[in-house]
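> From the sequence below, what's the structure:
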Amino acid sequence: MVTPMSNAPTPHPAPSPAEPSPSDEELRRTLLAAYDAQLRGENEFADPRARVEHDGPLVRFTGVETGYITGPRDLGVEGDALDALIARQRDRYAELGIETEWKTRGHDAQKDLPERLRAAGFVPEEPETVFVGRTEDLARLEPRLPDGLRMRSATSLTDLRGIDAMNEQVWGESRPRADELHRILTTSPENMTVLLVEPDPEAAPATTPRTTRSYAADAAPRDAAPHAVAQDAASAPHVAQNSASAPYDAKRDARPHVAQDAAPATPGSASPAPTPPPTPLHASRIEFVPGTDFAGLWGGSTLAAWRGRGLYRATVATRARIAAARGVRYLQVDASADSAPILRRLGFLELTTTTPYIWTPPAG
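Numbers count the residues shown, from 1 in each chain. Take a look at the predicted model:
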């Protein structure tokens, strides 16, 4: 048995769920059973480059920059056998020399799994709450936006790079995802739609609020934690006209973006310097999980000056309508503690908690 490390970090406290009504509790049990049956295993990882490996009850993904480990609610092993299973995963990624994430859930049968992961060198990140909502209910929301803004789907690599630039402003650090999302949209465009909100070039300039309200849910930890911002009708005077069905063009704007009004190069002069791609005000995406009743809402981020204006709520409504058109029954979210109350107001039910445990190869 692996001896626990004396300096192993303790996990962050899990979000506290509210007491559900009897009807909600019955629905919650039904949804949790569907979640366990359909969203744990090979369906969890979308990168087309990933190689799937099996080790007993576990599924692990390799062939990518960061690995991923998941399994059923009950791993079927305890004690020393569980320690050995954990050690094999750690050693496999040590052999590959890459970081990996082991995703745990609060209702897992092995209650000592987090302790044993920490003893093996896995470090917990912030816990999140797993929410699920019924698509037919959420699709009734109107996708309202403030005047002067429009919503559309990302249609090029330039759009995705603009989203990366926005996320860097939101987080204060670079978290590039453009190339990864580009691969998915190029190879399996039917499985993902990326939405962004930006100023409407055909409308009067949109105005930002005089004062910025702080909505931590508009920047929940990890872009796997969507977040919604409630708004009233007065702050959202028009229903968004979005072009979510616009196809993704894998070749369009793949080169560095050059300002359209840049002066033409003359002999002996330097070429116009590439300019950063346009930065949206908000971006989020929906990922469909083939063969299941679910789609996931991911990646929601909003620039600070535009939080509290209903941008995320509008994209939730739009993504719900996209899912409804595809016949998807449920929308699933891994949400931060800050976004949880907002998601409840939108009609989502909390099912369980999830905590990612990260193992990083030793330096050198």
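> Assess the claim that Thr66 and Glu101 are in contact.
Yes: proximity of Thr66 to Glu101 meets the contact threshold set by Cβ atoms under 8 Å, at 6.6 Å. Where C-beta positions appear, they are placed from N, C-alpha and C, glycine not excepted.
> Same drill for these two, tell me which one is more crowded.
Glu101 (18 against 13; other Cβ atoms under 10 Å).
> Could you give the bridge partners of the more buried one?
With DSSP bridges as the criterion, Glu101 is bridged to Tyr68, Ile358.
> if I've got this straight, Asp147 is in a strand?
No: counting by DSSP: H, G, I helix; E, B strand; the rest coil, Asp147 is not part of a strand but coil.
> Low-confidence bits of the protein, can you list those?
1-22, 204-246, 250-277, 338, 364 (pLDDT under 70).
> Would you map the helices across it?
Applying DSSP state H to the chain gives helices spanning 22-38, 79-96, 113-119, 135-138, 157-171, 178-187, 311-325, 340-345.
> Which residues does the second one contact?
When contacts are taken as Cβ atoms under 8 Å, 6 or more residues apart in numbering, the neighbours of helix 79-96 outside the stretch itself are 1-2, 53, 55-58, 60, 62, 67, 69, 75, 77, 99-100, 102, 110, 112-113, 116-117, 119-122, 359, 361.
> of those, buried ones?
Among these, those classed as buried by 16 or more other Cβ atoms under 10 Å are 58, 60, 62, 67, 69, 75, 100, 102, 110, 113, 116-117, 119-122, 359.
> For stretch 185-197, list every residue counted as buried.
By neighbour count with 16+ other Cβ under 10 Å, stretch 185-197 contains the buried residues 185, 191-197.
> Equivalent analysis for stretch 40-51, please.
Within stretch 40-51, the residues that qualify as buried are 40-41, 43, 45-47, 50, counting by 16+ other Cβ under 10 Å.
> Mind picking the two most distant members of these?
Spanning the widest gap among these are Arg40 and Asp47, at 17.4 Å by Cβ to Cβ.
> Dig out what Leu331 forms beta bridges with.
Here Leu331 shows beta-bridge partners Gly133, Ala295, assigned using DSSP bridges.
> residues contacting it?
Taking Cβ under 8 Å, 6+ apart, one finds 132-135, 138, 286, 294-297, 319-320, 323, 348 in contact with Leu331.
> Try it again at 6 Å.
Leu331 is in contact with 133, 135, 295, 297, counting by Cβ atoms under 6 Å, 6 or more residues apart in numbering.
> Also Arg150?
Asp200.
> Pull the contacting residues for Thr352.
So Thr352 contacts 105-107, 130 (Cβ under 6 Å, 6+ apart).
> Among those residues, which one has the most neighbours?
In those, the most neighbours by other Cβ under 10 Å go to Val130, 22 neighbours.
> Look up how far Pro124 lies from that residue.
For Val130, the distance to Pro124 equals 16 Å [Cβ to Cβ, to the nearest Å].
> got it, and Glu53?
From Glu53 to Pro124 the distance is 23 Å (Cβ to Cβ).
> can you check His54 too?
Using Cβ to Cβ, we find His54 at a distance of 25 Å from Pro124.
> all strands for the stretch 151-300 of the chain, in order.
Ranges of strands within the stretch 151-300 of the chain are 192-199, 238-239, 282-288, 294-302, based on DSSP state E, counting those that start in this stretch.
> Any chance of a markdown table for these, columns distance to Ala165?
Formatted as a markdown table, those follow (distance: least, Cβ to Cβ, whole Å):
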| stretch | distance to Ala165 |
| --- | --- |
| strand 192-199 | 12 |
| strand 238-239 | 27 |
| strand 282-288 | 10 |
| strand 294-302 | 11 |
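> Tell me which of the ones you listed sits nearest to Thr353.
Closest to Thr353 of those is strand 294-302 (Cβ to Cβ; 16.4 Å).
> and stretch 63-76, how far apart are its ends?
Start-to-end span of stretch 63-76 (Cα to Cα, to the nearest Å) is 27 Å.
> And the contacts of that stretch?
Contacts for stretch 63-76 (Cβ under 6 Å, 6+ apart): 36, 40, 44-45, 47, 49-51, 57-61, 89, 93, 98-103, 108-110.
> Filter these down to just the ones in strands.
Among those, the members falling in strands (DSSP state E) are 51, 58-61, 99-103.
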